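[1] Next input, structure requested:
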Amino acid sequence: MQRDDRPKSAGFYSQQGLKRIVSTEKERDECIKVIQSRALKGNRRYVFSYKLYRRARTLNQNRFYWAVLMAIQQQTGNDRMYMHQYFKTIFLGTFEWELFGKKYEIIPSTTTLNVKQFEEYLNHVLDFCDEHDIDVARPDSQYYDHFITQYGEER
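    Here you go, the predicted model:
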């Protein structure tokens, strides 16, 4: 089957391959047909991945988080990057990693959090701001747009 003969609804084609989010049996079957239609070439090896989809945090969540960090920096004098590390440590915890016989304390990344997990993380940060009288406007506030304009663009 030539590339143009493949089912068009089966996903996004690129030089790197096929990526498709499926939620029905029909969509899954279309993906299987596409995989079966691809010829294995010589000694080349291929990767097939099938995993549960989880939506990563949104750009708006990320922009708001960094605006909050900037507000903390400007209102307290504490560097936003250090605050970012501090929040990750207290709200995500740490884990130990052994490398070449030496143990290291690792702080997880917020980039691995999905939308719901990042929302929970943000709520902890906002609670921290409330406890320390740091003025931040929440997304449902009438002052949110002004807050983002004031604190949100510099990184």
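[2] From what I see, Ala67 and Asp145 are in contact.
    No - if you go by Cβ atoms under 8 Å, Ala67 and Asp145 don't touch, sitting 10.9 Å apart. Any C-beta I mention is one placed from the backbone N, CA and C, and that applies to glycine too.
[3] Grab the nearest non-local neighbour of Leu69.
    Closest residue in space to Leu69, ignoring its immediate chain neighbours: Arg80 at 3.8 Å, by Cβ to Cβ, 6 or more residues apart in numbering.
[4] ok, the one you found - contacts?
    Trp66, Leu69, Met70, Ile72, Gln73 (Cβ atoms under 8 Å, 6 or more residues apart in numbering).
[5] now swap in Thr58 and tell me
    Thr58 neighbours (Cβ under 8 Å, 6+ apart): Val115.
[6] Got the confidence number for it?
    If you check Thr58, the pLDDT there is 77.
[7] same question, Leu40
    So, for Leu40, pLDDT stands at 81.
[8] The residue lying closest to it once chain neighbours are set aside and Gly101, how far apart?
    Spatial nearest neighbour of Leu40, excluding adjacent residues (Cβ to Cβ, 6+ apart): Tyr46 at 7.2 Å. To Gly101, Tyr46 is 36 Å away according to Cβ to Cβ, to the nearest Å.
[9] Between those two, which has more neighbouring residues?
    Tyr46 (9 against 5; other Cβ atoms under 10 Å).
[10] any idea how far the more buried one is from Ile35?
    Where Ile35 is concerned, Tyr46 sits at a distance of 9 Å (Cβ to Cβ).
[11] domain parsing for this protein?
    Here the domain parsing of the chain from automatic domain parsing is 1-53, 59-151.
[12] mean pLDDT lowest for which of these?
    Ranked by mean pLDDT, those end with domain 1-53 at the bottom, a mean of 68.
[13] so who does the closest residue to Tyr121 other than its chain neighbours touch?
    Take Tyr121 and drop its neighbours on the chain: the residue closest to it by Cβ to Cβ, 6+ apart is Phe91, 5.6 Å away. Contacts for Phe91 (Cβ under 8 Å, 6+ apart) come out as Tyr121, His124, Val125.
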